[in-house]
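Undergrad: Sequence below, structure please.
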Amino acid sequence: MAVALAVAGSGTALAQQAPAKAADKDADSPVQKVEIKAQAEEYDPRRDDTASKTVITNAEIMKYGDTNVFDVLKRAPGVTVIGNSIRMRGLGNYTQVLVNGERPPPGFSLDTLPPEQIERIEVVRAASAEFSMQAIAGTVNIVLKRVVAKTQRDLRANLSHADDQRDAILLGTLADRSGNLSWFVNGLAGRTLRDAPSGGSDDFTNPQGALTQQRDWWRRNRSNNAFLGLQPRLNWKLPDGDQLNANAFLQMGRSNGDGATHYHETTGRFGNPDYVDFTNQNVSRTRFFGGELNWIAKLGGGKLDAKLNITQGKVSNDSTSLSATTDNLIVLDRDSTSRSDYDTIGSTGKYTRTLFEGHALAAGWEINQQSTEDEVLRVEGIVGATPRIIPERFKPRVLRYAAFGQDEWNLTKDWSVYLGARWEAIRTDSEGTGLVETQSKSHVLGPVAQTLYKFPDKSGRQLRLALTRTYKAPSTQQLTARRYEAAENTRFNPDSSGNPNLRPELANGIDLTYEHFFSPSAVFSVGTSQRRIRDYIRTRLTQDDRGLWLNQPLNDGKATVRTLDVELKFPLKVLLKDGPNVDLRASVNKNWSRVETVPGPDNRLDQQVPLSANLGADYRADKQTFGASFVYRQGSPVRTSAEQTVRLFQRRDLDVYWLYKFNPGQQLRLSANNLLGENNYGYSRYEDVNGVSRQASLTPGSVKLGANLELKF
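TA: The predicted structure is shown next:
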């Protein structure tokens, strides 16, 4: 971090001296300029930071004209994306996702975060004390743009189209500075349309092997979403190099949706009454506001970076659903009105200082309180009979607080060491209609040690080793006794409830990585890791005393995760001196895991993806750039319990883009995603003494075409 600040400061000084250098061309000026450029070129956070991380720059983020961060991350080495689940080591629930180093507030959606507002994405494989240690698989930190370097007036329009979706997004930026005051405003407006058909089948076979139930189904879900966003920021440079920053965000959205499901039964009946037609309509409105005050000051020979933030949000939802038997003989009407209020207040801080030669010491804190209040009014009953009126209220509160310390120092010019520790505590209180008030407390101490050794003589070869203790805390929903009822209660769509006695999962980890930077912008890396997890939380599927299926979490034994990662990235000119201006990249990630309390084979953790691979190439010319990316994800069965198995299906994604720069202020980007038209499949199997249930599904996929026009004024 200290090196990065030094380079940034040198760049600012160079910009301020530029007019003088144009007028005064003495011999000293060009020498000074060359030295400063060398410093900037020599520093690379991936190569030089002891705590390792991969940084995806804004230029890389913008290449393919993506409209959301999920499409960006599916091409990142070591990251797998399934829907809106971001996975490292093939694990979704164990991957920590942060925005500006902090957990997003409740209700915040990454869907509404346009790539244009992202400065960089940091993929951190081994934990560091500065971030929360809830990172068993790793951390993805999304850093938003904050610095105003020059006057900026941009307008960007993005259109995309596929068989099941249409998107239109308009973004703009205004930025300027006057003396010690700088400011910018990012604006966003968009509309998305979704029309997703799907189909599948359910069946049940008794212990004697006879098919007693079978049905085919068809479903269609449509939605019309509109949203607005505003992100203003002020930066004020105070005397002696201090800074005062204020930024805020506003998100507003409205969604209208409807859906229909029809079952065609060929064998047996699935309920009493046996509903075969389902329709629903839904209207939701969201509003979130957040503000942050940031003070950066020189204090006691070091630097203090302190933040105070607050977030408020409101979500309202009105829904109506009808369930009907054949020929509408019996119709069940369910209406629901819900209101949710979210309030978050918190503070984070970090103090850094160099006390001894070669040592960079840091200490900090984090405290955060989240309060949620849900009010739900349900009205349901058979049409023609007196309905039931069911009011519900649910109010959980979560308090998180943490303190950390870390030291990074250079033992020699080729060997650096990082030591840190972070203590975190979480308290969850919840109360609600018909619930016993519950309280849960937990705290974890997470030490971490990392070291980087560079082979002598600037060979570009280096070794990394990291030892970590990380954890995964139960979610608020997992800790509360509130029951969430499914519209149709089956083995594959059960009700769910929590467990106030859950303990955090703890993991001891080791990472070993070899890297070879064999030329500028070229790297070969191979790494392996292991995580030993205890107090593993799994979901148990049972039937209650009413015969309804219910999912509940419990701590159940141990699990082991192992990985092997290989990455290669280089310009083609490294091999062919006179070759075309092409950049090549490839990565392969192999993952293994085993849950001790679930019988094998295929008893992997968290529906882990066993293998993923990424290939890409980019060609750059004077006015145009084009490239392609191919992402492969291996499929396999996963045994989630002694009774239940799900299948992950193979998927191949081929994306291409073309960028043409008309002039420095105008450029057009065209893109095509999912050129192979891959469909999405699902399969689940449940077997007990009563027989075997199977469910299969198919959601059609299609090519998505996009156009992005960028204008600078």
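Undergrad: Bridged to Ile367, which residues?
TA: Beta-bridge partners for Ile367, by DSSP bridges, are Ser347, Tyr401.
Undergrad: hang on, it packs against Gly349?
TA: No: if you go by Cβ atoms under 8 Å, Ile367 and Gly349 don't touch, sitting 9.5 Å apart. From N, CA and C alone the C-beta is placed, and that goes for glycine too.
Undergrad: neighbours around the closest residue in space to Val609 that isn't next to it in sequence, how many?
TA: Spatial nearest neighbour of Val609, excluding adjacent residues (Cβ to Cβ, 6 or more residues apart in numbering): Gly90 at 3.7 Å. Neighbourhood size, Gly90 [other Cβ atoms under 10 Å]: 31.
Undergrad: now do Val140
TA: Count around Val140 with other Cβ under 10 Å applied: 24.
Undergrad: quick one: contacts for it?
TA: By Cβ atoms under 8 Å, 6 or more residues apart in numbering, the contact set of Val140 is 73, 79, 86, 88, 95-98, 121-124.
Undergrad: of the residues you listed, closest to Tyr64?
TA: For the contacts of Val140, the minimum distance to Tyr64 (Cβ to Cβ) is 11.7 Å, reached by Leu73.
Undergrad: Please report how far that closest one lies from Pro599.
TA: 34 Å (Cβ to Cβ, to the nearest Å).
Undergrad: out of the two, which sits in the more crowded spot?
TA: More crowded of Leu73 and Pro599, by other Cβ under 10 Å: Leu73, with 23 against 11.
Undergrad: That one contacts Val81, doesn't it?
TA: Yes: if you go by Cβ under 8 Å, Leu73 and Val81 touch, sitting 5.4 Å apart.
Undergrad: Which strand residues bridge Ser198?
TA: Arg219.
Undergrad: quick one: it and Gly701 touch, right?
TA: No: the pair Ser198 and Gly701 fails to qualify as a contact (Cβ under 8 Å) at a distance of 10.9 Å.
Undergrad: okay if I get the contacts of Val140 as CSV plus pLDDT?
TA: Output for the contacts of Val140, formatted as CSV (pLDDT from 0 to 100):
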residue, pLDDT
Leu73, 92
Val79, 93
Ile86, 93
Met88, 95
Thr95, 95
Gln96, 94
Val97, 94
Leu98, 93
Ile121, 93
Glu122, 93
Val123, 93
Val124, 93
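Undergrad: can you pick the most crowded of the residues you listed?
TA: That'd be Met88 among these, by other Cβ under 10 Å, with 28 neighbours.
Undergrad: Quick check, that one in contact with Val79.
TA: Yes: in this structure, Met88 is within contact of Val79 by Cβ under 8 Å, at 5.9 Å.
Undergrad: Heading C-terminal from the host helix or strand of Lys441, find the next helix or strand.
TA: Secondary structure from DSSP states H and E places Lys441 in strand 438-454. Helices and strands here follow DSSP H and E; after strand 438-454, the next one along the chain is strand 461-472.
Undergrad: Tell me which helix or strand comes right after that following strand.
TA: helix 476-479.
Undergrad: buried residues in that following helix?
TA: For helix 476-479, the neighbour count (16 or more other Cβ atoms under 10 Å) marks 476, 478-479 as buried.
Undergrad: Residues that sit against both of Met88 and Val79, list them.
TA: Common neighbours of Met88 and Val79 (Cβ under 8 Å, 6+ apart) are 123, 140.
Undergrad: tell me which helix or strand of the protein sits lowest on mean pLDDT?
TA: Lowest on mean pLDDT, DSSP states H and E among the helices and strands of the chain sits helix 2-23, with a mean of 34.
Undergrad: Closest to Val276 out of the contacts of Val140?
TA: Ile86 (37.2 Å).
Undergrad: Next, give phi and psi for the closest one.
TA: phi -90, psi 120 (degrees, to the nearest 10).
Undergrad: try Asp240
TA: phi 70, psi 20.
Undergrad: just Thr640 next, same as before
TA: According to degrees, to the nearest 10, Thr640 has phi -90, psi -20.
Undergrad: Then Phe270?
TA: Torsion angles, degrees, to the nearest 10, at Phe270: phi -110, psi 0.
Undergrad: give the contact list for it.
TA: 202, 213, 215, 263, 490.
Undergrad: let's go with 7 Å and repeat that
TA: Applying Cβ atoms under 7 Å, 6 or more residues apart in numbering to Phe270 gives the contacts 213, 215.
Undergrad: go on, the one 4 residues further on?
TA: Contact criterion Cβ under 7 Å, 6+ apart gives Thr325 as the residues in contact with Asp274.
Undergrad: how much space is there between it and Leu329?
TA: 10 Å.
Undergrad: Any stretches of the stretch 1-150 of the chain with poor pLDDT?
TA: Applying pLDDT under 70 to the stretch 1-150 of the chain flags the ranges 1-42, 107, 147-149.
Undergrad: those helices in it, which residues are they?
TA: 2-23, 28-42, 45-48, 58-62, 69-73 (DSSP state H, counting those that start in this stretch).
Undergrad: three-state assignment of Lys573?
TA: For Lys573, the assignment made with DSSP: H, G, I helix; E, B strand; the rest coil gives helix.
Undergrad: pretty sure it is in contact with Pro580, am I right?
TA: No: if you go by Cβ atoms under 7 Å, Lys573 and Pro580 don't touch, sitting 8.3 Å apart.
Undergrad: okay, those two: which has more neighbours?
TA: Set Lys573 next to Pro580 and count neighbours by other Cβ under 10 Å: Lys573 wins out with 16 against 11.
Undergrad: residues touching that one, list them.
TA: Contacts of Lys573 by Cβ under 7 Å, 6+ apart are Gly579.
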